[in-house]
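Asks: Please work out how this folds:
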Amino acid sequence: MKIAVLGGGNGSFAAAGDFSLLGHAVRLWRRDADAVAAHRLKGSRILVKDARGSHDTQLELVTSDIAEAVRGAELILCPAPAFAQHDIATLLAPHLRDGQVMFLPPATFGSMIFAKAARDAGNRAALAFAETGTLPWLTRKHGPFEVAITIRAKRLPVGVFPLTRAGHALDVIGRAFPGVIEPCGDALSGALMNAGPIIHPPLIVMNAGPIEHFPGRWDIHKEGTQPSIRRVTDALDAERIAVREGLGYRAPHFPLANHYAKQGEEWMYGRGSHDRLTDSGDWRELIALTEHRYMREDLRLGLSFLVSAAGLAGVEIPLAKSLLAIGRAICGENFLSGGRTLASLGLGDLDRQELQTLLREGFSS
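Replies: Prediction:
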C-alpha cells in the first residue's frame, strides 16, 4: 500500500520506518528542506530499533513537497502535535483526492480541522478523516535518522468523519495496522478516546514545583507518577467517560486504569506498557514547564476540548476545569478561551442533533 507520513518527529519516524518494514511504499514529508536534503544524502533510510534488534529501512521518498508526498497515497498519516494541525491541514487541503484516508493518531478532534480545511479550499473530493486515542507507537528518536520503538499498540479505537465513509476508512487503516483497529463510531467518539489529556495534565501540573526546583532530566512517568497523582488521573478519566456517556457513546471507553494494570482488560498498548516505557529510559528529558508538549498540547488544547464537549453533553467536570485554571495561572494565559473548543472549530452554534448529523453525513457543500 502507498502511505504518506507527515512530520519529522518521533511518531512520524516510527510510522515511516515501521510501515516500510511491513513492505509498504512510504513517502515522508517534512517542512524543513535542509533536513530533507540531509536525509536524502543518507539514502532516505531510517534505522528502526525494537525488542527484536535493529532494522535498516528504505523509504520510497523523503520530500518537503506535500503534494508530491500524498500523490497516489491511499493512507495519509499525520502524528504531528495538535498545535501543528491547522498549518499542515492548510498546506495539505488542495492536494487531497477521492478515496484517500487521513488518519490522525491521536488528534483532539483534529479530524474536523483537516476536513474543514479541505472544504474551505474548495476541495470536494470524497475523503475520510479518522482519529484514535493514542500514538500507535511508544517511541523516541535516537538520532536524525534513527528511531526506537518500545511498544506497538495492540488496540486502537478509531472514529471516522464522516461516519458514512467508515467502512472504507477502517479497511484502509486496518491494512496498515492489521488486527489492531477497533471501530468506535464517529470522529467525536474517537477524539474522546484521547489518552494524552488525561495522563499528562496531572503529571505536568502536580509536579510543577519539583520540576522547577530540581533542574535536570526527569522521567515524569516514573518519578512523577505517584499514587496521589494516579488517583487524580483516575478521577479525571472518570470525567472523560462521563462526557462520552453523556453524548451517547457506549463502552468500551478504554479506561486509563487498564494502562497501569497488570491484569484485566488490555488497554491500547497492552499490559505492562507503563513499566516498559519507564524501563526504556527514553522518556527521561529536560522539561521546560510552560512550553512542554504536555502543557501546550494536552492541557491547553486537550482539556479545553474536553470541557467544551462536556458543556454540549450537559456534564459537570470540575477536575478538568480546575487543571485548566492551574495551567492558566502557571503560564499566564487563558487556556479555555485560547484553547480548542467546539466554538473555535466553528461548531459552537450546533446543538447535539445537528452535530450528530454533521458527524454522520459530513458537510453538505
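Asks: Where do the strands of the stretch 151-300 of the chain begin and end?
Replies: Assigned by DSSP state E, counting those that start in this stretch, the stretch 151-300 of the chain shows strands spanning 156-161, 181-186, 217-219, 284-286.
Asks: Would you format the ones you listed as CSV with mean neighbour count included?
Replies: Where you see a C-beta, it was placed from the backbone N, CA and C, and this is true even at glycine. Converted to CSV, the strands of the stretch 151-300 of the chain look like this (neighbours: other CB atoms under 10 Å):
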stretch, mean neighbour count
strand 156-161, 26
strand 181-186, 21
strand 217-219, 16
strand 284-286, 13
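Asks: thinking residue 267 is in contact with residue 256, fair?
Replies: Yes - contact criterion CB atoms under 8 Å: residue 267 and residue 256 qualify, at 7.5 Å.
Asks: Now do the helices in the stretch 1-150 of the chain.
Replies: Under the criterion DSSP state H, counting those that start in this stretch, the stretch 1-150 of the chain carries helices at the ranges 10-21, 33-41, 66-70, 85-92, 110-120.
Asks: Residue 316: which of the ones you listed is closest?
Replies: Nearest of these to residue 316, taken as CB to CB: helix 110-120 at 24.5 Å.
Asks: Give me the contacts around the closest one.
Replies: Surrounding helix 110-120, the residues in contact under the criterion CB atoms under 8 Å, 6 or more residues apart in numbering are 78, 82, 85-86, 89-90, 92-93, 96, 102, 104, 125, 127, 129-131, 159-161, 187, 190-191, 345-347, 362-363.
Asks: now that helix and helix 85-92, what's the angle there?
Replies: Angle of helix 110-120 versus helix 85-92, following axes from the mean of the first three to the mean of the last three CA atoms, to 10 degrees, is 40 degrees.
Asks: Give me the mean pLDDT for helix 110-120.
Replies: For helix 110-120, the mean pLDDT works out to 98.
Asks: and if you look at stretch 137-157?
Replies: 97.
Asks: end-to-end on it?
Replies: Taking CA to CA, to the nearest Å, the first and last residues of stretch 137-157 lie 14 Å apart.
Asks: Would you mind listing the buried residues in that stretch?
Replies: By neighbour count on 16 or more other CB atoms under 10 Å, the buried set for stretch 137-157 is 137-141, 145-153, 155-157.
Asks: next one: stretch 333-343
Replies: By 16+ other CB under 10 Å, the buried positions in stretch 333-343 come out as 335-336, 339-342.
Asks: From these, which shows the smallest pLDDT?
Replies: In terms of pLDDT, the lowest of the buried residues of stretch 333-343 is residue 336, showing 83.
Asks: Rebuild the strands of the stretch 151-300 of the chain as TSV, extending it with distance to residue 173.
Replies: TSV is the format used below for the strands of the stretch 151-300 of the chain (distance: least, CB to CB, whole Å):
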stretch	distance to residue 173
strand 156-161	6
strand 181-186	6
strand 217-219	31
strand 284-286	30
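Asks: of those, which approaches residue 13 most closely?
Replies: Proximity to residue 13 (CB to CB) singles out strand 284-286 among these, at 16.7 Å.
Asks: Now the element after that closest one, going C-ward?
Replies: Proceeding C-terminally, strand 284-286 gives way to helix 293 as the next helix or strand, assigned by DSSP states H and E.
Asks: got a list of contacts for that following helix?
Replies: Contacts for helix 293 (CB under 8 Å, 6+ apart): 81, 200.
Asks: from the middle of its chain, how far away would it be?
Replies: Counting by CA atoms, centre = their mean, to the nearest Å, helix 293 is centred 12 Å from the centre of its parent chain.
Asks: swap in stretch 74-86?
Replies: With CA atoms, centre = their mean, you get 8 Å for stretch 74-86.
Asks: quick one: terminal-to-terminal distance for that stretch?
Replies: One end of stretch 74-86 sits 22 Å from the other (CA to CA).
Asks: Quick check: longest helix in the protein by residues?
Replies: helix 227-246 (DSSP state H).
Asks: can you pull the contacts of the residue minimising distance to the centre of the chain?
Replies: Nearest to the geometric centre of the chain sits residue 106, at 1.9 Å (CA atoms, centre = their mean). Shown in contact with residue 106 (CB under 8 Å, 6+ apart): 131-135, 191, 193-196.
Asks: what do you get if the cut-off is 6 Å, keeping everything else the same?
Replies: 131-134, 194 (CB atoms under 6 Å, 6 or more residues apart in numbering).
Asks: circling back: quickly compare the helices of the stretch 1-150 of the chain and say which is most buried.
Replies: Most buried of the helices of the stretch 1-150 of the chain, by mean neighbour count (mean count of other CB atoms under 10 Å): helix 10-21, with a mean of 25.
Asks: what number of residues lie near the nearest residue to residue 153 once chain neighbours are set aside?
Replies: In space, and not counting its chain neighbours, residue 153 is closest to residue 136: 4.3 Å by CB to CB, 6 or more residues apart in numbering. Neighbourhood size, residue 136 [other CB atoms under 10 Å]: 27.
Asks: before we move on, back to that, out of the contacts of residue 106, give me the two with the largest separation.
Replies: It's 131 and 134 that sit farthest apart of these, by CB to CB, at 10.4 Å.
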